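1. sequence first, then the predicted structure:
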Amino acid sequence: MNPFIYLLSLFFCVSLFAQQDIRFEDYFEKATLRVDYYHTGDRNEEWITIDLLYRQPIWAGSKKHLIDHFNNGNYYLKVYNKSGDMLLYSKGFNSYFGEYKTTGPAIKGIKRTYAETALIPFPKDTILFTISLRDSLQQLEEIFRQEINPYSYSIIKEKRSSGAEVIPQQVKGDSENKVDLVVVGDGYTKEELAKFKEDLAHFSETLFAYAPYASHRDKFNIYGIYFPSSESGCNEPTHGIYKKTPLNTTFNSLGSPRYLLTEDVHALYDLASAVPCDAVVIMVNHKRYGGGGIYNFFATFTSDNYWSQFVLVHEFGHSFAGLADEYYTSSTAYEQFYPPNVEPLEPNITALLDPAHLKWKHLVAADVPLPTPWNKEEYDQTSEDYQKKRAQVNRRIAQLEREGADSSQIALAKEKAEELSRFYELK
């Protein structure tokens, strides 16, 4: 069995059948408390400040499995009763700020602020809302704690998704028993509603074409959220292209050309609040290769690239299942992403510090040595060659678009980039 398929299948089994003792009805209402907050800091310091609280009419999550036992994610949100002696709800996650703090600017002490959102079941009584951070040994340390009174007049009850059109792509049952996947479009104009619907249908089928999603299709509800954009596409800063869109998605996130994210997370969850929501994917109306995925946060991909189907499945693996990247040669904005001499939390990678307890050892044949020899030098050389050539082509495209070159010249350069990626796909 493919290790990726096994690990993701294990994710489904644990999430559906894990047992715990908290009775939802004793502590929570059938609604959501949305906590919008800001995360500020650099490599060595970070602070969290709550911005706004919202009551949303539906709780999309499970009412049976309230405690997260996966032990994944660099952060954990935890909800305790007022006295702090009973854990009522928990969830591991990663965040945009968590990635920023591993970059060069953050290491140099440059502080930045990012918007984040937490969705928790709406409490019947006052709670302690806490966020914890992993230390260098992967142990959790609490960095934020605040009491929240569910009867406070400051909790907003207004509808935040006005103007959004909901397209129910697949509804297989009640939200509490299904994974409610919300696909939010960005960069689709009012003339492109039909295209959004076609893209939504196409990529929904793409997801279910792969294991283990194919055998778990009936466990998913999928909702598309369309909000008309003033302009088609998204931001491409190094190309000198900026578009006004609902979510302000942008390439060059954290300085990486292909990294496509949004910093307008509160706007994203405004639109997602139109429907029950367990997981969010942003589908960006664009032809360029790019995407991103952050565990229990959101994923992105572009709609019209040769690699779009691959990118969707790849990035959803990050955001939904907490899987790590399976490659190590592509350029990223991160530095010091994994602490040295510490086993990573993600289920599909290892530092092999203890070969006798390899995470997937039961899948390894007895005669396979650990670590396993492979053609690493050849792979590294091929990858290095491709990275250099791709960087040259991408710089050329960016230069042409910045300078307002003839459209045919730009199209030719983009076709060359596609030919290059397809050539190396075969190697």
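-> Thanks, I have it.
2. so which bits of stretch 340-353 are buried?
-> Buried residues in stretch 340-353, defined by neighbour count with 16 or more other C-beta atoms under 10 Å: 343-350. To be clear about C-beta, it is placed using only N, CA and C from the backbone, and glycine gets the same treatment.
3. where does Ile222 sit: helix, strand or coil?
-> For Ile222, the assignment made with DSSP: H, G, I helix; E, B strand; the rest coil gives strand.
4. hey, what's it bridged with?
-> Under the criterion DSSP bridges, Ile222 forms beta bridges with Gln170, Leu181.
5. per-domain residue ranges of this structure.
-> Listed domain ranges for the chain are 17-148, 165-321, 374-425 (source: automatic domain parsing).
6. quick check: mean pLDDT of the second one?
-> Taken as a whole, domain 165-321 has an average pLDDT of 98.
7. start to end distance for it?
-> Domain 165-321 has its terminal residues 28 Å apart, counting by C-alpha to C-alpha, to the nearest Å.
8. can I get the domains of the chain in TSV including distance to His362 and mean neighbour count?
-> Output for the domains of the chain, formatted as TSV (distance: least, C-beta to C-beta, whole Å; neighbours: other C-beta atoms under 10 Å):
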stretch	distance to His362	mean neighbour count
domain 17-148	19	17
domain 165-321	17	20
domain 374-425	20	14
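9. those: which one's closest to Ala366?
-> Ala366 lies closest, by C-beta to C-beta, to one member of the domains of the chain: domain 374-425, at 18.3 Å.
10. list the contacts of Gly26.
-> Slight slip there: residue 26 is Asp, not Gly. Asp26 is in contact with Lys124, counting by C-beta atoms under 8 Å, 6 or more residues apart in numbering.
11. hang on, it in a strand?
-> No. Counting by three-state DSSP, Asp26 is not found in a strand; it is helix.
12. distance of it relative to Asp85?
-> Here the criterion is C-beta to C-beta, to the nearest Å. By it, Asp26 lies 15 Å from Asp85.
13. ok, Glu425 next?
-> According to C-beta to C-beta, Glu425 and Asp85 sit 56 Å apart.
14. swap in Val184?
-> Val184 sits at a distance of 39 Å from Asp85 (criterion: C-beta to C-beta).
15. what's the answer for Gly317, then?
-> For Gly317, the distance to Asp85 - C-beta to C-beta - is 37 Å.
16. now swap in Tyr338 and tell me
-> 34 Å.
17. over to Arg390?
-> 55 Å.
18. tell me the pLDDT of Gln336.
-> You'll see Gln336 listed with a pLDDT of 62.
19. same deal with Leu8?
-> 58.
20. one more: the one 5 residues further on?
-> On pLDDT, Cys13 comes in at 51.
21. make residue 1 into 24 and carry on from there
-> Okay, residue one is now 24; in that scheme the one you just asked about reads as Cys36.
22. and the helices in the stretch 324-450 of the chain?
-> For the stretch 324-450 of the chain, the helices defined by DSSP state H, counting those that start in this stretch occupy 331-344, 399-425, 430-448.
23. residues touching the spatially closest residue to Thr63 that is not a sequence neighbour, list them.
-> The shortest distance from Thr63 to any non-neighbouring residue, by C-beta to C-beta, 6 or more residues apart in numbering, is to Thr136 (4.3 Å). Thr136 is in contact with 61-63, counting by C-beta under 8 Å, 6+ apart.
24. pretty sure Thr136 belongs to a strand, no?
-> Yes. Per three-state DSSP, Thr136 lies within a strand segment.
25. next one: it from Leu335, what distance?
-> 29 Å.
26. all strands of the stretch 174-323 of the chain, in order?
-> In the stretch 174-323 of the chain, strands defined by DSSP state E, counting those that start in this stretch lie at 188-193, 202-209, 243-249, 302-307, 314-317, 321-325, listed in chain order.
27. turn the ones you listed into JSON lines, including distance to Gly115.
-> Converted to JSON lines, the strands of the stretch 174-323 of the chain look like this (distance: least, C-beta to C-beta, whole Å):
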{"stretch": "strand 188-193", "distance to Gly115": "27"}
{"stretch": "strand 202-209", "distance to Gly115": "16"}
{"stretch": "strand 243-249", "distance to Gly115": "21"}
{"stretch": "strand 302-307", "distance to Gly115": "14"}
{"stretch": "strand 314-317", "distance to Gly115": "12"}
{"stretch": "strand 321-325", "distance to Gly115": "15"}
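28. Val391: which of those is closest?
-> strand 314-317 (29.8 Å).
29. quick check: phi and psi on the nearest residue to Ile317 once chain neighbours are set aside?
-> In this structure, Ile317 finds its nearest non-sequential neighbour in Asn117, 5.0 Å apart by C-beta to C-beta, 6+ apart. Backbone geometry at Asn117, expressed as degrees, to the nearest 10, gives phi -110, psi 170.
30. how about Lys310?
-> Here is the backbone geometry of Lys310 (degrees, to the nearest 10): phi -90, psi -10.
31. so what's it up against?
-> Taking C-beta under 8 Å, 6+ apart as the test, what Lys310 contacts is 325, 327-328, 437.
32. and with 7 Å instead?
-> Lys310 makes contact with 325, 327-328, according to C-beta atoms under 7 Å, 6 or more residues apart in numbering.
33. redo these as JSON lines? Include distance to Glu228.
-> Formatted as JSON lines, these follow (distance: C-beta to C-beta, whole Å):
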{"residue": "Thr325", "distance to Glu228": "17"}
{"residue": "Asp327", "distance to Glu228": "16"}
{"residue": "Asn328", "distance to Glu228": "17"}
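34. just the closest of those residues to Glu215, please.
-> Using C-beta to C-beta, the contacts of Lys310 come closest to Glu215 at Asp327, 11.4 Å.
35. next one: the closest one from Thr63, what distance?
-> Distance from Asp327 to Thr63, by C-beta to C-beta: 36 Å.
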